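In: got a predicted model here, sequence first, then my questions.
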Amino acid sequence: MASSTTNVQWQKRIERELEGNILRFWMKHAIDEKQGGFYGEVSRDLTVTPEAPKSLVLNARILWTFASAYRLKPDPGYLTMAERAYRYLNERFTDNEHGGLFWMVDAAGQPLSMKKQIYGQAFAIYAYSEFYRAADEAEALARAIELFHLLEQHSYDSVYKGYVEALSRDWAQTDDFSLSGKDLNEKKSMNTHLHVMEAYTSLYRVWKSEELRVKLKELIQITIEHIIDDESAHFLLFFDEQWKSKSHHISYGHDIEGSWLLVEAAEALGDKALLAEAKEIALRMAEAVYQEGVDADGGLFNEADSGGLIDSDKDWWPQAEAVVGFYNAYQLSGDLKYREAAVRSWMFIEQYIVDREHGEWHWSVLRDGTPSGNLQKISAWKCPYHNARACFEMLVRLRSGAAHTDHTDFHYNGGR
């Protein structure tokens with residue numbers, strides 16, 4: 001696919017990948033008919049680990065993905081998948097005693113990790129609000145609003161602003177903040193704030209609460225003032241409660257993802273001055289990734305630090321975010337180099353990331369393009385969210401066919 005490809009040609013390739021590979025894979029291989037919900041782990045060669053735990057992140061992202069798919073194309077199979085995920089979250093993950101959702105359940109759906117990880121609560125808000133939009137399910141909106149209030153009551157830092165990473169089951173303070181084995185055990189992180197902002201953006205589209213508006217605006221301002229490094233235009237990743245940075249790593253995937261999510265949030269908010277600032281910063285972020293993070297083959301490296309690359313593998317999700325993030329930069333600026341970068345990202349995905357043998361996408365590839373040693377195809381973190389969302393976003397953006405257009409005019413998530 002040459003960079004001169006038309007929007008219509010590109011659309012057709014994306015539609016084929018979305019419907020014929022990504023969504024079909026999850027509908028065929030993810031459902032746990034014996035124990036309910038969805039499998040917690042399936043390997044690259046489709047070997048199921050039937051007793052693998054089931055994560056809140058995976059199940060919330062399945063709900064979001066298939067609710068979004070149903071809004072884009074009202075296929076009854078998509079709605080069935082979304083309803084299955086919705087029921088499983090409500091029946092197995094919901095903490096009926098203290099509110100919120102458990103972080104992890106076992107294969108049979110019994111609570112396994114009962115802490116309240118705010119990242120996970122945010123994805124539940126995101127999924128519930130999207131399911132409300134797709135199915136007009138009032139209960140889903142009520143659940144999203146309840147979670148919003150719980151986060152504001154228990155996780156919000158009224159002194160330094162922002163949100164504490166995690167709390168115990170009963171929302172008491174804890175010293176177990178870490179999201180995963182890769183993350184620092186710090187009170188605040190870029191990743192959690194990015195996805196709380198994303199969740200609040202989604203909720204604000206369907207619930208125009210003044211309290212939520214104030215909180216969404218504050219989250220955008222926190223992102224600009226504390227999380228984005230003004231000098232480098234990269235995200236800072238981990239912080240203490242007073243926003244002192246605790247890491248100098250660069251995550252190119254989060255940078256390019258955050259560049260378009262920041263604009264999305266500011267557009268939903270409708271504050272013209274803040275939107276103008278967000279657009280300017282988004283272009284700086286995209287340019288930094290364009291200059292530093294893209295390999296000669298169009299793929300996006302994973303991570304770097306002040307000394308250079310520290311992880312030259314190319315995970316599936318940064319590639320998906322690069323397509324949207326660079327195309328968003330093209331739409332904001334009209335600069336064709338960003339469209340070219342988005343096209344090359346998609347070409348890299350088609351050539352190296354898509355698993356032509358077993359379906360869906362490889363977790364990652366090495367710098368030479370061969371699949372890495374990570375064998376998971378479905379897991380707590382290997383979900384249909386990044387790649388399906390990239391397809392949703394690009395289909396609507398390509399249909400608009402124009403740069404220099406207000407993002408809200410064509411954004412997939414705009415309107416209900």
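Out: The structure has been received and is ready for your questions. Please read all numbers here as calculations on a predicted model, not as lab measurements.
In: got the buried residues for stretch 199-215?
Out: When burial is assessed from 16 or more other CB atoms under 10 Å, stretch 199-215 yields the following buried residues: A199, Y200, T201, S202, L203, Y204, R205, V206, W207, L212, R213, K215. Every residue, glycine included, has its C-beta placed from N, CA and C.
In: quick one: which of the residues you listed sit in helices?
Out: A199, Y200, T201, S202, L203, Y204, R205, V206, L212, R213, K215 (DSSP state H).
In: where is the longest helix in this protein?
Out: Per DSSP H, the chain has its longest helix at helix 272-292.
In: can you name the two of the ones in helices among the buried residues of stretch 199-215 that sit furthest apart?
Out: V206 and K215 (15.3 Å; CB to CB).
In: so which residues of the stretch 201-350 of the chain form helices?
Out: 210-222, 252-269, 272-292, 316-333, 336-348 (DSSP state H, counting those that start in this stretch).
In: what comes into contact with the third one?
Out: Applying CB atoms under 8 Å, 6 or more residues apart in numbering, the contact partners of helix 272-292 are 217, 220-221, 224, 228, 232-234, 250, 252, 255-256, 258-260, 262-263, 265-267, 269, 300, 304, 322, 325-326, 328-329, 332-333, 337-338, 341.
In: how about a cut-off of 7 Å?
Out: 217, 220, 224, 228, 232-234, 252, 255-256, 258-260, 262-263, 266-267, 304, 325-326, 328-329, 332-333, 338, 341 (CB atoms under 7 Å, 6 or more residues apart in numbering).
In: give me the neighbour count for the closest residue to I310 other than its chain neighbours.
Out: Distance criterion CB to CB, 6 or more residues apart in numbering; nearest residue to I310, sequence neighbours excluded, is E303 at 5.3 Å. Number of residues near E303 (other CB atoms under 10 Å) recorded here: 20.
In: ok, E303 - contacts?
Out: H249, I250, S251, I310, D311.
In: that one pairs with what?
Out: Note on E303: beta-bridge partners S251, D311, judged by DSSP bridges.
In: isn't E360 right next to I22, touching?
Out: Yes - contact criterion CB atoms under 7 Å: E360 and I22 qualify, at 6.3 Å.
In: quick one: mean pLDDT over stretch 227-242.
Out: Averaging pLDDT along stretch 227-242 gives 97.
In: revised request: answer the last question for stretch 69-77.
Out: 97.
In: save the ones in helices among the buried residues of stretch 199-215 as TSV, and put in pLDDT and distance to V105 too.
Out: TSV is the format used below for these (pLDDT from 0 to 100; distance: CB to CB, whole Å):
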residue	pLDDT	distance to V105
A199	98	21
Y200	98	26
T201	98	28
S202	98	24
L203	98	24
Y204	98	29
R205	98	29
V206	98	28
L212	98	29
R213	98	34
K215	98	29
